[in-house]
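Enquirer: sequence and predicted structure below; questions after.
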Amino acid sequence: MSLEVALFPCLSDNYGFLLHDVKTGATAAIDTPDAKEIAKQCEARGWTLTEIWNTHWHPDHAGGNVALKRRYDCLVRGPQQDAIPARDITMAGGEYFEFAGHGVDVIHTPGHTDEHIIYHIPSAELAFVGDTIFALGCGRLFEGTPDEMWNSLSRIMALPEATKLYCAHEYTLSNAKFALSVDGQNPDLLAAVADAKAKRAADKPTVPTTVGVEKRANPFVTAGSAAELGRRRTLKDNF
Ligand code: ZN
Ligand code: FE
C-alpha cells in the first residue's frame, strides 16, 4: 500500500487531511479548512497538491478551495452545491474514481447537509467522513432529517469493521460526556472514552476511529433506529 495520510489540526477544532501516494506523488487534500496551513503542511513534506476532495459546502470544509486552486491548479471534486468554490468535478455519491491507481468510492451521506458525501478507499481500509460521523458522535442535522442521518450512519457501519474513519473535527471528549449520559453502562463506550481521554492527555488526536469501535460505542449508532437517533440528536443539541 503506497498511500499515506497526514493529519493536522486546523482552525479551532477541525482536522486537515492530506492523502499522498508515495509512488506517483499524487496528493489530495480532503476538505480545505485552512489554505495556508494545508500549503504549509504540503511544503514541509515536499508534496504538491494535485486534488481537493470536498465532503460538503460549509466554509470550514471548502473555505480554502480558491486559494489552493490558485496556488496548485489542483483538481477539485465536490458535491453539487453552488457554495463549493472552484469545483471542477461534481460528485453526488455512487461514483467511483481512481487516485494514483487506488479505487475511491463516493458515498452520499445526507443529514448534516443534503449533499454531504464521503470518500471510501477499500484497499487502504479508510474513509474520509467529513461531518457525518464523529468519534462517539454525529453531525448536527442542519439540512437533513433523522431518517437520512440514520441511513447515512448505516451505510458507514456497513463498511468493514477495521475501516479507519477520518472525522473532520476533534469533538471526541465533549461527545463522550453526552454519550455517557445516555449509555453510561455500555462497556464498549466506557473503553472508548478511556482510550480517548488517554490520547488527549498525551496531546494525540482521537481521529481516526474505526467502524468497529463506533458500531458498539457511538450513541447515535447504538440508538438502533432513526426515531431514537433523532431523540438523542435533539438531546445533544441542548446538552
Ligand atoms: Zn459541517
Ligand atoms: Fe465542520
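Expert: Now that the structure is in, tell me what you want to look at. Ligands and ions are numbered 1, 2, ... in the order given.

Enquirer: look up how far Ala179 lies from the residue of the chain positioned farthest from its centre.
Expert: For the chain, the largest distance from the centre (Cα atoms, centre = their mean) belongs to Gln185, which lies 27.4 Å off. Distance from Gln185 to Ala179, counting by Cβ to Cβ, to the nearest Å: 12 Å. C-betas here are computed from N, CA, C, even on glycine.

Enquirer: you'd agree Ala26 is up against Glu51?
Expert: Yes. Here Ala26 reaches Glu51: they are 7.2 Å apart, a contact under Cβ atoms under 8 Å.

Enquirer: which neighbours do the two share?
Expert: Phe99 (Cβ atoms under 8 Å, 6 or more residues apart in numbering).

Enquirer: tell me which helix or strand comes right after the longest helix seen in the chain.
Expert: In the chain, with assignment by DSSP state H, the single longest helix is helix 187-201. Next along the chain after helix 187-201, taking DSSP states H and E as the criterion, comes strand 209-210.

Enquirer: so which elements touch that following strand?
Expert: strand 164-167 (3 or more Cβ pairs under 8 Å, 6 or more residues apart in numbering; DSSP states H and E).

Enquirer: now do the strand it packs on, average pLDDT.
Expert: Averaged over strand 164-167, pLDDT sits at 98.

Enquirer: which residues touch it?
Expert: 5, 7, 15, 17, 30, 125-131, 133-135, 156, 207-211, 214.

Enquirer: that one close to ligand 1?
Expert: No. No part of strand 164-167 sits near ligand 1 under the criterion Cβ under 5 Å from the ion; the closest distance found is 11.0 Å.

Enquirer: buried residues in that strand, which are they?
Expert: The neighbour-count check on strand 164-167 (16 or more other Cβ atoms under 10 Å) flags Lys164, Leu165, Tyr166, Cys167 as buried.

Enquirer: kind regards, and thank you for your time.
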